[in-house]
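Novice: Please work out how this folds:
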Amino acid sequence: MTTPGDAAAPADLFIIGGGVNGAGVARDAAGRGLRVALAEMNDLGSATSSSSTKLFHGGLRYLEFFEFGVVRRSLAEREVLLRAMPHISWPIRFVLPYHKDMRFNSDTPTAKLLATVMPWMKGQRPGWLIRMGLFMYDHLGGRKILPGTTTVDMRTDPVGGPIDDKFEKAYEYSDCWVEDSRLVVLNARDAEIRGAEILPRTKVVSAERGRDLWTITLRDADSGETFTRTAKVLVNAAGPWVEQVLRGALRQNSAGGMRLVRGSHIVTRKLFDHGKCYFFQGADGRIGFAIPYETDFTLIGTTEADHDQPDQPPVCTPEERRYLIDFANRYFKKPVTEEDVVWSYSGVRPLYDQDAKSATAATRDYVLSLDEAGGAPLLNIFGGKISIYRKLSEEAVDKVRRFFPAATGDWTAGVALPGGDFEWDGVPRLARELRAAHPFLTEFWATRLVRAYGTEAREVIAGADAAEALGRDFGATLTAREVDWLMDREYARTAEDVVWRRSKLGLRMTPEQIAALDAWMRARHDEKASVAAAE
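Specialist: Numbering: from 1, shown residues only. All right, here's what the predicted structure looks like:
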């Protein structure tokens, strides 16, 4: 792992922000032969990029806003990403129950068009229109792996069992799941393998713009010490903080603007036994999801509400929690209760502000703004979504490539992330092979390791012939050997980094177990720091 030190030669790109966009740009640029450095003020992926709905999806509802470009790019990316990271991404089928009483959100372009040409429908969301949208969803981006849309008889199909009997028909379509936090870490790791300097827990205090170079002053969060780096191009990929960084640390103005939208989710006990997801449409035109989560749980989301300031920690409010429960209860036969909720989380989506009337209507597209008028170039990244992070990263590096004539062309499509060098449907086979080599592993344990580390799971537990060989047991199959890997290879520093971002084992561990893990990790870190200082 890279640590602060002297760096006489300037970086080609210095990236502010260790979310999915920043890590993606770092990987892309390092792979083109550029000298790259990245600073993240907290843990990698600790904000927006760890609080999504965990989907690589086209955004079915964005079709109602005529966001065809975003949908097409997102759909085209699904299988590209699926092939590159089959351990942390996999296909899922969504079931969209239909009832004639469903209505459009009245603010969407589609609703306004139908109100003009078919006023007698009075806002109804007709089945034929949904099917037409799903036809477009199937064909806009192309598919080779993912199956297309089918119609489901909810009266006979098992997916209808948990759902209210008034829903007699549903449409079933494909999208992909992704482990968002791990996606960020693996991009950062791959960037570092390719030569990038990755500086988590390092805040950009200021950046001075010269004619040819930026001089960046940074502060290490642990020691409080400051140090500097220089760079030919500065990339502001700070997500919700992009404007704050721009006007604060960089002292620059911009015509661009951000709209911060809070999305909250709840996790409940397992609400249904099959492995498919539900896409719910509310009577008011809002949508929601109910997704199988971490084997024994169900994820329900999401809300959309304007969020005032990036430094204001996002939380799932009691009102949002109640809203999500009530939304789900319009569909499920057995009511979801407050007691069913085991965890909640909330994140802030930084959306490009086009003066949309509501958070729901704000665009999910992104804007790359290159400013070179005041000296050394500055690239600001506004907006984006996790499904198109790779394309955003590719286009960002393309935008500054002319400053680096020796840089090679785009390369990331189809290139596996660490541990992803196997077939897109190969997780069960790898898990069986891991159990055969290490018979003490349970099926859950082996599958969890493969889902996290892919082919690198073999290295994580190499040589172990018994669970005891993996060191201290922290609970829920987490051992000292795995924590060592996460600290040494994946930038983890605290228990929160491990059990809520690089995994979701916090759902299975007690507060006492998590506290013991945190104490162990801090002691290990302090010991290594003391040894390094003595050397």
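Novice: which regions of the stretch 51-200 of the chain lie under the pLDDT threshold?
Specialist: Residues of the stretch 51-200 of the chain that meet the criterion pLDDT under 70 lie in 65, 102-115, 117-125.
Novice: repeat for the stretch 401-535 of the chain
Specialist: Judged by pLDDT under 70, no stretch of the stretch 401-535 of the chain qualifies at all.
Novice: how about 90 then?
Specialist: Under the criterion pLDDT under 90, the flagged ranges of the stretch 401-535 of the chain are 414, 528-535.
Novice: just the helices in the stretch 351-500 of the chain please.
Specialist: Applying DSSP state H, counting those that start in this stretch to the stretch 351-500 of the chain gives helices spanning 389-400, 427-437, 443-453, 457-460, 480-489, 495-496.
Novice: which strands and helices sit next to the second one?
Specialist: If I follow you right, that is helix 427-437. helix 443-453, helix 457-460 (3 or more CB pairs under 8 Å, 6 or more residues apart in numbering; DSSP states H and E). In short, each C-beta sits where N, CA and C put it, glycine included.
Novice: Quick one: distance of it to the chain centre.
Specialist: 27 Å (CA atoms, centre = their mean, to the nearest Å).
Novice: Run through who's touching that helix.
Specialist: 86-87, 90, 422-423, 441, 443, 446-447, 449-451, 454-455, 457-458, 461 (CB atoms under 8 Å, 6 or more residues apart in numbering).
Novice: Residue 204 is in what secondary structure piece?
Specialist: strand 202-209 (DSSP states H and E).
Novice: Residue 155 too?
Specialist: Going by DSSP H and E, residue 155 is not part of any helix or strand.
Novice: again, but for residue 75
Specialist: helix 68-84.
Novice: any idea which helix or strand comes after that helix?
Specialist: Next element after helix 68-84 (DSSP H and E): strand 89-98.
Novice: circling back to that earlier point, how about a markdown table for the helices of the stretch 351-500 of the chain, with mean neighbour count and distance to residue 383 added?
Specialist: Shown next, in a markdown table, are the helices of the stretch 351-500 of the chain (neighbours: other CB atoms under 10 Å; distance: least, CB to CB, whole Å):
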| stretch | mean neighbour count | distance to residue 383 |
| --- | --- | --- |
| helix 389-400 | 22 | 9 |
| helix 427-437 | 16 | 32 |
| helix 443-453 | 21 | 29 |
| helix 457-460 | 19 | 35 |
| helix 480-489 | 18 | 31 |
| helix 495-496 | 20 | 27 |
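Novice: Tell me which residues touch the residue most central in space within the chain, please.
Specialist: By CA atoms, centre = their mean, the chain has its centre lying nearest to residue 180, at 3.2 Å. With contact taken as CB under 8 Å, 6+ apart, residue 180 is in contact with 20, 45, 49-52, 54, 386.
Novice: now the helices of the stretch 351-500 of the chain as a markdown table including distance to residue 520?
Specialist: A markdown table is the format used below for these (distance: least, CB to CB, whole Å):
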| stretch | distance to residue 520 |
| --- | --- |
| helix 389-400 | 33 |
| helix 427-437 | 25 |
| helix 443-453 | 19 |
| helix 457-460 | 18 |
| helix 480-489 | 7 |
| helix 495-496 | 9 |
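Novice: Show me the one of the ones you listed that comes nearest residue 130.
Specialist: helix 389-400 (27.3 Å; CB to CB).
Novice: mean confidence score for the closest one?
Specialist: On average, the pLDDT along helix 389-400 is 97.
Novice: And the contacts of it?
Specialist: Contacts of helix 389-400 (CB under 8 Å, 6+ apart): 13, 20-21, 24-25, 27-29, 32, 34, 73, 77, 80-81, 183, 233, 235, 237, 366, 368, 370, 377, 379, 381, 384, 407, 410, 412-413.
Novice: Now residue 405. Its backbone dihedrals?
Specialist: The phi/psi pair for residue 405 (degrees, to the nearest 10) reads phi -60, psi -30.
Novice: Residue 149 too?
Specialist: phi -70, psi 140.
Novice: ok, now which ones touch it?
Specialist: 131, 134-135, 137-138, 171-174.
Novice: Just the closest of the residues you listed to residue 62, please.
Specialist: residue 137 (10.1 Å).
Novice: Make sure the closest one is indeed in a helix.
Specialist: Yes - secondary structure assignment places residue 137 in a helix (DSSP: H, G, I helix; E, B strand; the rest coil).
Novice: and the gap between it and residue 514?
Specialist: Look at residue 137 and residue 514: by CB to CB, to the nearest Å, they are 40 Å apart.
Novice: How about residue 428?
Specialist: Residue 428 is 30 Å from residue 514, by CB to CB.
Novice: And residue 330, by the same measure?
Specialist: Residue 330 is 35 Å from residue 514, where distance means CB to CB.
Novice: Quick check on these two: which one has the bigger neighbour count.
Specialist: residue 514 (22 against 14; other CB atoms under 10 Å).
Novice: In a helix, that one, correct?
Specialist: Yes - assessed by three-state DSSP, residue 514 belongs to a helix.
Novice: please renumber so the chain begins at 831
Specialist: Done: numbering now begins at 831, and the last item shifts to residue 1344.
Novice: Could you find the closest non-adjacent residue to it?
Specialist: Leaving aside its sequence neighbours, residue 1344 sits nearest to residue 1325 (CB to CB, 6 or more residues apart in numbering; 5.0 Å).
Novice: show me what contacts that neighbour?
Specialist: So residue 1325 contacts 1344-1345, 1347-1348, 1351 (CB under 8 Å, 6+ apart).
Novice: let's see 6 Å
Specialist: When contacts are counted by CB atoms under 6 Å, 6 or more residues apart in numbering, residue 1325 is found next to 1344, 1347-1348.
Novice: same check, this time on residue 1303
Specialist: For residue 1303, counting by CB under 6 Å, 6+ apart, the contacting residues are residue 1309.
Novice: How much space separates it from residue 1135?
Specialist: 41 Å.
Novice: returning to what we had before: what's the angle from the helix holding residue 905 to helix 1219-1230?
Specialist: 110 degrees (axes from the mean of the first three to the mean of the last three CA atoms, to 10 degrees).
Novice: How about residues contacting helix 898-914?
Specialist: For helix 898-914, the external contacting residues (CB under 6 Å, 6+ apart) are 886, 888-889, 892-893, 919, 970-971, 975, 1006, 1194-1195, 1217-1218, 1221, 1243, 1246-1247, 1250, 1254.
Novice: Tell me which of the residues you listed fall in strands.
Specialist: 886, 919, 1006 (DSSP state E).
Novice: The second one against residue 1008, yeah?
Specialist: Yes - using CB atoms under 6 Å, residue 919 is in contact with residue 1008, at 4.5 Å.
Novice: end-to-end on stretch 1245-1255?
Specialist: Stretch 1245-1255 has its terminal residues 16 Å apart, counting by CA to CA, to the nearest Å.
Novice: buried sites along that stretch?
Specialist: Taking 16 or more other CB atoms under 10 Å as the neighbour-count basis, stretch 1245-1255 is seen to contain the buried residues 1246-1250, 1252, 1254.
Novice: so which of those comes closest to residue 990?
Specialist: residue 1254 (29.1 Å).
Novice: Just give me the neighbour total for the residue nearest to that closest one when sequence neighbours are not counted.
Specialist: Nearest non-adjacent residue to residue 1254, counting by CB to CB, 6+ apart: residue 916, 4.5 Å away. Look at residue 916: counted by other CB under 10 Å, it has 25 neighbours.
Novice: how near is residue 916 to residue 1277?
Specialist: From residue 916 to residue 1277 the distance is 13 Å (CB to CB).
Novice: Ok, residue 1171 next?
Specialist: 25 Å.
Novice: and what of residue 1283?
Specialist: 11 Å.
Novice: Please apply the same query to residue 982.
Specialist: Taken as CB to CB, the span from residue 982 to residue 1277 is 28 Å.
Novice: Hey, what's the angle from the strand or helix carrying residue 1046 to strand 1032-1039? Just curious.
Specialist: In this assignment (DSSP H and E), residue 1046 forms part of strand 1044-1050. Orientation check (the same axes, to 10 degrees): strand 1044-1050 against strand 1032-1039 gives 160 degrees.
Novice: Sheet partners, orientation included, of strand 1044-1050?
Specialist: strand 1032-1039 (antiparallel), strand 1056-1066 (antiparallel) (DSSP bridges).
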